[in-house]
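J.: need a 3D model of the sequence below.
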Amino acid sequence: MKRLQAISIDQATGKAKELLSGVKAELGRPPNLLQVMANSPAVLDAYLRFSAALQSGELSAKDRERIALAVGEANACEYCLSAHSAIAKSVGLTPDQIVCARQARQEDSRTEALLRFARAVVDHRGEVSDESFEAVRGAGWSDGEIAEVVANVALNIFTNYINHVAGTEIDFPIALPLEATNSGCCSKERACAA
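T.: Model prediction:
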C-alpha cells in the first residue's frame, strides 16, 4: 500500500525540484524512491550525497550492487531487489550472480566473504563476531573496504526502510524476495561465475 506520495519534478519546488532535475539529467528519470524522498529535500539530498561519496570509494560498482542485493534480500525489500537487480545487470553481473548475491554467495571465496560479512552486519545489527570479521579480513579485504561495506549496508538499510514505510511503487522489473519465489540456493553445481 502506497503511504507516502511520490513527488514528480512538475510537483516539486525549490531544493527538491533542483535535486530531482539533477537526477533526471543523469539517469533520464528520477526513480520513484527518489521521488518519495523528495517529500523532504533534506532526506533526498542526504541520500544523494551519501550514495555519491560511496561511489568514489574503493569498492567496485559490482561489489556495491552485490551488497545492495544481499541487504535487500535480508530485509525483503521488493523495491530495492527490483532496482538493484536491474542496476546489477547494467554493471555486468549475470542473472546467476544476482541470485547468488541475494543469498550472500559467490563462486569466488573473496567476494563471498565480503557478502557474508555484509549479511552478518545486517543480521546482527553491526554486532558481528570476531570470526566474521576475521573471515572478511582474511579474504584480503582492507580496513577501508570493510568500513565501506558497513557504510553500504547502512545506505541500503535506509532505502529498504524508506520503501517499507512509504510503500513505494516499483518502477523496475519486479524481483520478489527469494523466499517468495522458491529459488534454489546458489551452489557450486549452479555456478555463481565471478
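
J.: who are the neighbours in contact with the closest residue to residue 47 other than its chain neighbours?
T.: Excluding its sequence neighbours, the residue lying closest to residue 47 (C-beta to C-beta, 6 or more residues apart in numbering) is residue 37, at 5.7 Å. Where C-beta positions appear, they are placed from N, C-alpha and C, glycine not excepted. By C-beta atoms under 8 Å, 6 or more residues apart in numbering, residue 37 lies in contact with 43, 44, 47, 162.

J.: you'd agree the second one is up against residue 33?
T.: The one in question is residue 44. No - Residue 44 is beyond contact range of residue 33, at 9.7 Å (criterion: C-beta atoms under 8 Å).

J.: can I assume residue 82 is in contact with residue 172?
T.: Yes - the pair residue 82 and residue 172 passes the contact test of C-beta under 8 Å, sitting 4.1 Å apart.

J.: domain-wise, how is this protein divided?
T.: Here the domain assignment for the chain is 14-55, 61-181, based on automatic domain parsing.

J.: adding mean pLDDT and distance to residue 3, write those domains out as TSV.
T.: Formatted as TSV, these follow (pLDDT from 0 to 100; distance: least, C-beta to C-beta, whole Å):
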stretch	mean pLDDT	distance to residue 3
domain 14-55	97	9
domain 61-181	96	5
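
J.: please identify the deepest-packed of these.
T.: Stretch with highest mean neighbour count among those: domain 61-181 (a mean of 19; mean count of other C-beta atoms under 10 Å).

J.: sticking with the spatially most central residue of the chain, tell me its helix or strand.
T.: For the chain, residue 68 is the residue whose C-alpha lies nearest the centre (C-alpha atoms, centre = their mean; 2.3 Å). Following DSSP states H and E, one finds residue 68 within helix 61-74.

J.: and if you look at residue 5?
T.: When elements are assigned from DSSP H and E, residue 5 belongs to no helix and no strand.

J.: before we move on, what SS does the nearest residue to it once chain neighbours are set aside have?
T.: Spatially, and ignoring its direct neighbours in sequence, residue 5 is nearest to residue 39 (6.8 Å; C-beta to C-beta, 6+ apart). Under DSSP: H, G, I helix; E, B strand; the rest coil, the three-state class of residue 39 is coil.
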